[in-house]
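Trainee: Quick check, what structure comes out for this input:
(one chain, ligands or ions: 1)
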Amino acid sequence: MRSLGLALVAIIACAPSGEFTGRVVGIADGDTLLVLDSTNQQHKIRLNGIDAPESHQAFGERAKQFLAAKVFGKELRVVTKKIDYYHRQVADVFIGDRLINKEMVEEGWAWHFVKYSNDPELTAAENRARAAKLGLWADAHPVAPWDFRSPKLTFAALEAEAAADPKSVTVYVTDTGTKYHRASCRHVAKSSIPKSLDEAKKTHSPCSVCKPPR
Ligand SMILES: [Zn+2]
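Mentor: Predicted coordinates:
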C-alpha cells in the first residue's frame, strides 16, 4: 500500500493543472505561444478552446500578428487545463482580467474549437465576430483550421481557400516539369519545390493527376 501511496503522489505532482505567471517570448501562430516563467523555464502554450488559422493558411499570418500585438513581451497568467498530444500545455491565458483566448475569437482571429470546447462564451464570441465580419470572417467561406489540416481536405475547400487568397496556398513544382502539384502527388515524390499558387500559375499549369487548385 505504501508504494501505491507514493505512486499517487507522483501522479498528482505531474498533473497538468496549475497556474503560473510568465513573460511571452515567442509566438508560433495565432493560438500557440512560448512563455518564460520566473525560474527561466520555457513553456509551449496552446490556447485552450480556440483554433486560429494555420501560418500558411489565409489569415494565418495576420492572426499571429494580432496575438503578438496583444501579448508579446507581456506578463501573462497561464491557467493550464491539460497537456495535449504534442506535449503543449493547453491553457487559458490572462493579462489582468482579459482572457486572451476569448479576445482572439471575439475579434475574428480564431475559431471556437468546437471539437474540444463547448464554452458558451466562446460560441457567443464567435457568433458576434461572424455577424460583424471581423477578421477572418471578412471571407464569406473561410476554411476552418481543422479542415485545412485534415489530410481529407476536400478539393472544394482548397479551391475556396485559393480563391480567398492565392498567395496563401502552397503548391509544388519539380526542377524540370511544366506542371504544378499538390504535396501528395506522386510526381513530386522525388523533387518538390514549394511555390505560392499565384507564383506557380505564372510559369506552370495544373497537374491532371492530383488536380491542384487553379
Ligand atoms: Zn500532380
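Trainee: Tell me the buried residues in stretch 100-118?
Mentor: Buried residues in stretch 100-118, counted by 16 or more other Cβ atoms under 10 Å: 100-113, 116-117. For the C-beta atoms, the positions are set from N, CA and C on the backbone; glycine is no exception.
Trainee: Quick check: residues of the chain near the ion?
Mentor: 181, 185, 187, 207, 209-210 (Cβ under 5 Å from the ion).
Trainee: Mind naming the longest strand for the protein?
Mentor: strand 18-29 (DSSP state E).
Trainee: how long is stretch 51-61 end to end?
Mentor: Start-to-end span of stretch 51-61 (Cα to Cα, to the nearest Å) is 14 Å.
Trainee: what's in contact with that stretch?
Mentor: Stretch 51-61 has contacts (Cβ atoms under 8 Å, 6 or more residues apart in numbering) with 29-31, 63-64, 67, 104, 109-113, 135-136, 139, 142-146, 148-149, 161, 164-165, 168, 170.
Trainee: Strands - which of those land there?
Mentor: If you go by DSSP E, the contacts of stretch 51-61 have 29, 111-112, 170 in strands.
Trainee: Show me which of those is closest to the ion.
Mentor: T170 (13.7 Å; Cβ to the ion).
Trainee: my read: that closest one touches S196, true?
Mentor: Yes: between T170 and S196 there is a contact under Cβ atoms under 8 Å: 6.4 Å.
Trainee: OK, contacts around L197?
Mentor: So L197 contacts 162, 166-167, 169-171, 180, 212-213 (Cβ under 8 Å, 6+ apart).
Trainee: Now restrict these to buried residues only.
Mentor: Buried among the contacts of L197 by 16+ other Cβ under 10 Å: 162, 166, 169-171, 180, 212-213.
Trainee: Can I get those residues in CSV including distance to D92 and pLDDT?
Mentor: Formatted as CSV, the buried ones among the contacts of L197 follow (distance: Cβ to Cβ, whole Å; pLDDT from 0 to 100):
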residue, distance to D92, pLDDT
A162, 35, 68
P166, 36, 70
V169, 33, 81
T170, 32, 83
V171, 38, 86
Y180, 42, 94
P212, 39, 86
P213, 37, 85
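Trainee: which one of the residues you listed is nearest N127?
Mentor: Of all the buried ones among the contacts of L197, N127 sits closest to A162, with 27.1 Å by Cβ to Cβ.
Trainee: related to what we said a few turns ago, closest one of the buried ones among the contacts of L197 to the ion?
Mentor: Scanning these for proximity to the ion, where the rule is Cβ to the ion, the winner is P212, at 6.8 Å.
Trainee: residues contacting the closest one?
Mentor: 158, 171, 180-182, 185, 197, 206.
Trainee: Which of the residues you listed fall within strands?
Mentor: Using DSSP E, the subset of the contacts of P212 located in strands is 171, 180-181, 206.
Trainee: Excluding covalently adjacent residues, which one is nearest to K102?
Mentor: A125 (5.6 Å; Cβ to Cβ, 6 or more residues apart in numbering).
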